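Novice: starting from these lines, generate the structure:
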Amino acid sequence: MALAFAVLVAFLLGCGGCAQPALKNEADRAARAQQLIDAGNDAYHQGDYRLAVRRYAAAAVVRKDDPAAYYGMGMALSKLGRDEEARAAYQRARDLTQAVGEKPAGGAADVPPEHP
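Specialist: Numbering: from 1, shown residues only. Below is the predicted model of the structure:
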């Protein structure tokens with residue numbers, strides 16, 4: 001499971017974000033990660049789960065300790081039927097959240113649950 005997630009993140013690292021300038025400080029990284037999470041949320045709400053995964057993964061690359069990025073990635077991967085990778089992303093979000101003792105807040109965590 002962890003290997004599948006690592007392969008996914010490595011693939012996404014190679015596919016995007018190369019044209020972005022280096023982010024100089026934590027505030028810049030946090031702001032860019034939030035932009036990407038917001039873009040992932042937009043794609044998720046529009047049903048474009050592949051794009052959502054790419055945006056959340058890019059946010060996780062920019063800010064590796066952001067549980068919202070991994071949580072959103074888990075949601076989108078789940079919608080794509082990529083359950084093993086989704087579980088790994090959810091676990092990473094949980095681990096990060098427990099490490100800092102807080103709930104995933106903002107970004108992907110604000111996506112409301114779907115109703116049948």
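
Novice: by contact count, what packs against the top helix by length along the chain?
Specialist: The residue-count maximum for a helix in the chain (DSSP state H) belongs to helix 26-45. Counting contacts by 3 or more CB pairs under 8 Å, 6 or more residues apart in numbering; DSSP states H and E, helix 26-45 packs against helix 49-62, helix 67-79. For every residue, glycine as well, the C-beta is placed using N, CA and C.

Novice: mind listing what's buried along that helix?
Specialist: 29, 32-34, 36-41, 43-44 (16 or more other CB atoms under 10 Å).

Novice: ok, now stretch 74-81?
Specialist: 74-79.

Novice: now do stretch 48-66
Specialist: Buried residues in stretch 48-66 (16+ other CB under 10 Å): 48-49, 51-63, 66.

Novice: most widely separated two among the residues you listed?
Specialist: Greatest spatial distance among these (CB to CB): Asp48 and Arg63, at 22.3 Å.

Novice: rewinding a little: columns distance to Gln91 and mean pLDDT on top of the helices and strands packed on helix 26-45, output as CSV?
Specialist: Shown next, in CSV, are the helices and strands packed on helix 26-45 (distance: least, CB to CB, whole Å; pLDDT from 0 to 100):
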stretch, distance to Gln91, mean pLDDT
helix 49-62, 13, 97
helix 67-79, 8, 97
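
Novice: can you put the ones you listed in TSV and add distance to Arg92?
Specialist: Shown next, in TSV, are the helices and strands packed on helix 26-45 (distance: least, CB to CB, whole Å):
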stretch	distance to Arg92
helix 49-62	8
helix 67-79	4
